[in-house]
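K.L.:
Mind folding the following:
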Amino acid sequence: MENKSPEKTGFDKEYIERIKKDFRRHMTLTVAHNLRNSSNLERYAALSHTVRDRMISRWVDTQETYYQKNPKRIYYFSLEFLMGRTLGNSLLNLGLTEDVKTALTQLGYDLEELEEMEWDAGLGNGGLGRLAACFLDSMATLELPAYGFGIRYEYGMFKQSISRLQQMESPDNWLRYGNPWEFQRAQDIELVQFYGRTQKYRDNHGNWFTEWVDTDNVVALGYDTPIPGYGTGTVNSLKLWSATSSREFNLESFNTGDYIGSIVDKHQSEVLSKVLYPNDTSYQGKELRLKQQYFMVAASLKNILARLERCGDNIRDLPDKVAIQLNDTHPAIAIPELMRKLLDTYRMTWEDAWKICTGTFAYTNHTVLPEALEKWPSDLMQNLLPRHLEIIYEINQRFLDEVGVVFPGDLARRQRMSIVEESDRKQIRMAHLAIVGSHSVNGVAELHSKLLKDGIFADFYQLQPEKFNNKTNGVTPRRWLKSSNPALSDLISSRIGTGWVKDLDNIRELEAFSDDIGFLEEWQAVKLQNKQQLADIIRGSGYVETNPESLFDVQVKRIHEYKRQLLNIMHVIALYNRIKAGKTDGLVPRTVIFGGKAAPGYQRAKEIIHLINAVGNVINRDPEIGDRLKVAFIPNYGVSLAEKIFPGSDLSEQISTAGMEASGTGNMKFALNGALTIGTLDGANIEIMEEVGNENIFIFGKTEAELSELRRNGYNPETYYHQDEELRTVLNQIRDGYFSSDNPGLFVPLFNSLVKEGDYYFHLADFRSYINCQDRVAELFMDSRQWHKMAVLNVARMSKFSSDRVIRQYADEIWNVKPCPANEDSIEY
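P.N.:
Residues are numbered from 1 along each chain as shown. Prediction:
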């Protein structure tokens, strides 16, 4: 079987001819078109199938190896997977990039042009989904037997455009032209139940059991996508479930003469997997979201248990054969679902079932914000999943009995720890359920994990400290440096070899070149080239002309108040005012670049986008300002855009309110691409600072402890407003319509949120520290050699933040799963 090494050099002429032959064959037999008259989209399809052929052989071998050796397997449950484009990543991991590029060039085509034809699979909202994708890459690269499970949303995260300076949303129909990388598994169909009622019955021995009856059923149809490891024979699977109607249920409606009813039933069933994150402010939205979560975990657990049975394993061995990782609270309903199967189908005792359940699940928490922890109304769950609510109540009662033994008489603690929130409307706390039903609970950065143990989950930590641990996030260096930044990757490899791609610890060897003048000049040239490419993207997306020699100051991420894009644009206004006033000493030309989507129902985030574009509209048109300051908002930020933005960035804005960002992974991707970080002591910023050194990062703002004390003592943002003239001028301009002359009161709500309504995210408290820190950034940027030396040291010291490292930790410390290399001996290509 072909096993071309990613590190190979030179070209195999015979192999390139075979690629060309296969490309032509797929154009004719798969795409059914003439190559001469084909479009780029058709060539992309033919190329994808050509590459796919070379992956399938490894995929089949991998799965056969798993069945033969029957190792313990990892199942990663996530409602989000931001995979990005598959073609380029597959070429890289299979070691085919240069051969395919050469073959296409000889045919008269450009690989990059064909790669641009692929639509991003936007099956996620941000870092959560991208982390899941990085983890799948690392598990395959480390040859771990692993599967991802999620939902095949027909419409991913919406497509964002900017019209009249505001965010506009349109459907993201990523499947419009088909998806050549997925395989529909008609044999992988699972029946998923909803609604109905429960009833008790006795067996022949007099034992009482429960069954869930009179349900509405939906069919889950599986689609598998191969996930190749880098430089290995392993190709793992991502299974995404699509909802379709139950034939039995709809046939009944049809046979009774209700043809329209049968069509409505079919449509309602298939709505389940239509859209990522329905607006859950209404009852109907909440119901659909909970249905999506249960749909995914129910189908996945059925698939897992069927595989267990096919391998000849006993259900009681489940924790020794299966590790299920819950990526945040979204899949937590899997815990009562597994209990239902063990109790009602396998007829186990509660004690035996619970031991198996807790031994199987592990939970990753991604937020310290209490308002972001999922809760479901109990009446909703009673209607939708009546058996699961019964099980949750039983789990809760037994758990609270345990709490009562350890902390007798502490009723307040019992109330805080209860899975059931006894408020005006009784709710189920899914994070509490995930903690109680798992054997491991981890945060995703040292500070985040500490805040979980000391803050929102302190009661649980005091009861079961052994459950809690930290697993600082990481990113795959394959996609986020080797693939996305080929010029820098080649420069690095020219000095230290290519071993860093698979083992990022090797990148530390780059430190030896941080004082090499010739190397720094090459580094600077690569950065300028990448900035020119980013400038071209900005020009094409927003018609803003930017100077690549200026400081590219970048903040791209989901728009949220705690991420403080508002603080960034306040600094931009302050710079603008200084230039207008002639106070230009120490200023460097700066291009401030924003990107990110606001959730459709998040009005304040949309207002922030509107303000950013309004400020840019004034500054970019002001002839007095010229190239000294530009503002660009790049619309429709996603994985493929990120791959172009990170390499061209000088400064990475990681300025969230201290204590509110769980980890962040954008901070790691920026630093890995040679951008210096300006940030607060929040999330993984702290650990990045510890790795790269205080002198190679720009830290500002109050710490989490200082902000907590400030809040306890009564934070008054108006004090800062009145004390700081520059701040007051900026805020007054926002309030008085300087950037919205057609509607002077447009941004008054933003002003009020900062000055009159408490400034919950401490923008004003950190403003002066941020401005002073940005002044230090400008001063250092004028010393080009020192700036680029710091950039080299940042890249050289990023080995801790590889997703390979964190996956090894999960495998060793939580999952107890060992590598299982594939037997590569079955199919030749």
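
K.L.:
Verify the stated contact: Leu651 with Val777.
P.N.:
Yes - Leu651 is within contact range of Val777, at 6.2 Å (criterion: C-beta atoms under 8 Å). All C-beta atoms are positioned from the backbone trio N, CA, C, and that covers glycine.

K.L.:
Compare the two and say which one has the larger neighbour count.
P.N.:
Neighbour totals were compared for Leu651 and Val777, and Leu651 leads with 23 against 19 (other C-beta atoms under 10 Å).

K.L.:
to the chain's geometric centre, what's the distance from stretch 728-744?
P.N.:
35 Å (C-alpha atoms, centre = their mean, to the nearest Å).

K.L.:
Where do the strands of the stretch 351-500 of the chain begin and end?
P.N.:
361-364, 375-377, 420-421, 427-429, 441-443, 468-470 (DSSP state E, counting those that start in this stretch).

K.L.:
Tabulate those (JSON lines), appending mean pLDDT, mean neighbour count and distance to Asp459.
P.N.:
Below are the strands of the stretch 351-500 of the chain laid out as JSON lines (pLDDT from 0 to 100; neighbours: other C-beta atoms under 10 Å; distance: least, C-beta to C-beta, whole Å):
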{"stretch": "strand 361-364", "mean pLDDT": "98", "mean neighbour count": "25", "distance to Asp459": "16"}
{"stretch": "strand 375-377", "mean pLDDT": "95", "mean neighbour count": "21", "distance to Asp459": "17"}
{"stretch": "strand 420-421", "mean pLDDT": "97", "mean neighbour count": "19", "distance to Asp459": "14"}
{"stretch": "strand 427-429", "mean pLDDT": "97", "mean neighbour count": "22", "distance to Asp459": "12"}
{"stretch": "strand 441-443", "mean pLDDT": "97", "mean neighbour count": "25", "distance to Asp459": "13"}
{"stretch": "strand 468-470", "mean pLDDT": "98", "mean neighbour count": "18", "distance to Asp459": "12"}
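
K.L.:
could I get these as TSV with distance to Leu338?
P.N.:
Output for these, formatted as TSV (distance: least, C-beta to C-beta, whole Å):
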stretch	distance to Leu338
strand 361-364	8
strand 375-377	18
strand 420-421	20
strand 427-429	17
strand 441-443	17
strand 468-470	22
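
K.L.:
contacting residues around Met782?
P.N.:
Val588 (C-beta atoms under 8 Å, 6 or more residues apart in numbering).

K.L.:
where does the stretch 451-600 of the chain have low pLDDT?
P.N.:
Along the stretch 451-600 of the chain, no part satisfies pLDDT under 70.

K.L.:
looking at this protein, which helix or strand does the model trust least?
P.N.:
Within the chain, no helix or strand scores below helix 247-255, which has a mean of 51 by mean pLDDT, DSSP states H and E.

K.L.:
Which residues are in contact with each of Leu651 and Val777?
P.N.:
Leu551, Asp553, Leu676, Ile678.

K.L.:
and the second one, helix, strand or coil?
P.N.:
Of the three states, Asp553 takes strand under DSSP: H, G, I helix; E, B strand; the rest coil.

K.L.:
wait, it sits on Glu653?
P.N.:
Yes - using C-beta under 8 Å, Asp553 makes contact with Glu653 at a distance of 6.8 Å.

K.L.:
anything in contact with each of those two?
P.N.:
With C-beta under 8 Å, 6+ apart, Asp553 and Glu653 have no common neighbours.

K.L.:
same question for stretch 781-794, mean pLDDT?
P.N.:
Across stretch 781-794, the average pLDDT comes to 98.

K.L.:
tell me which residues in it are buried?
P.N.:
Within stretch 781-794, the residues that count as buried by 16 or more other C-beta atoms under 10 Å are Phe781, Trp787, His788, Lys789, Met790, Ala791, Val792, Leu793, Asn794.

K.L.:
Measure how far it is from the centre of its chain, please.
P.N.:
For stretch 781-794, the distance to the chain centre is 30 Å (C-alpha atoms, centre = their mean).

K.L.:
go on, stretch 454-461?
P.N.:
25 Å.

K.L.:
how about it: buried residues?
P.N.:
Result for stretch 454-461 [16+ other C-beta under 10 Å]: buried residues Ile456, Phe457, Asp459, Phe460, Tyr461.

K.L.:
Kindly report the same for stretch 53-64.
P.N.:
Applying 16+ other C-beta under 10 Å to stretch 53-64 flags Arg54, Met55, Ser57, Arg58, Trp59, Val60, Asp61, Thr62, Gln63 as buried.

K.L.:
now, which of the residues you listed lie within helices?
P.N.:
Arg54, Met55, Ser57, Arg58, Trp59, Val60, Asp61, Thr62, Gln63 (DSSP state H).

K.L.:
List just the nearest of those residues to Lys101.
P.N.:
Arg54 (14.9 Å; C-beta to C-beta).

K.L.:
quick one: the closest one from Ser237, how far?
P.N.:
17 Å (C-beta to C-beta, to the nearest Å).

K.L.:
In which helix or strand does Thr210 reside?
P.N.:
strand 208-213 (DSSP states H and E).

K.L.:
how about that strand: buried residues?
P.N.:
Thr210, Trp212.

K.L.:
moving C-terminal of it, what's the next helix or strand?
P.N.:
Taking DSSP H and E, what comes next after strand 208-213 is strand 216-228.

K.L.:
avg pLDDT for that following strand?
P.N.:
On average, strand 216-228 scores 96.

K.L.:
looking at this, Glu113 is in a strand?
P.N.:
No - counting by three-state DSSP, Glu113 is not found in a strand; it is helix.

K.L.:
hang on, it packs against Asn40?
P.N.:
Yes - Glu113 is within contact range of Asn40, at 5.8 Å (criterion: C-beta under 8 Å).

K.L.:
Near Pro450, how many other residues are there?
P.N.:
Just so we're on the same page, residue 450 is Lys rather than Pro. Lys450 has 16 nearby residues by other C-beta under 10 Å.

K.L.:
And the pLDDT at it?
P.N.:
95.

K.L.:
And it, how far from Ala458?
P.N.:
For Lys450, the distance to Ala458 - C-beta to C-beta - is 11 Å.

K.L.:
Now Glu624: which helix or strand?
P.N.:
Here Glu624 is assigned to no helix or strand, by DSSP H and E.

K.L.:
Number of residues surrounding the closest residue to it other than its chain neighbours?
P.N.:
Spatial nearest neighbour of Glu624, chain neighbours left out: Lys580 (6.4 Å); criterion: C-beta to C-beta, 6 or more residues apart in numbering. Using other C-beta under 10 Å, Lys580 is surrounded by 13 other residues.
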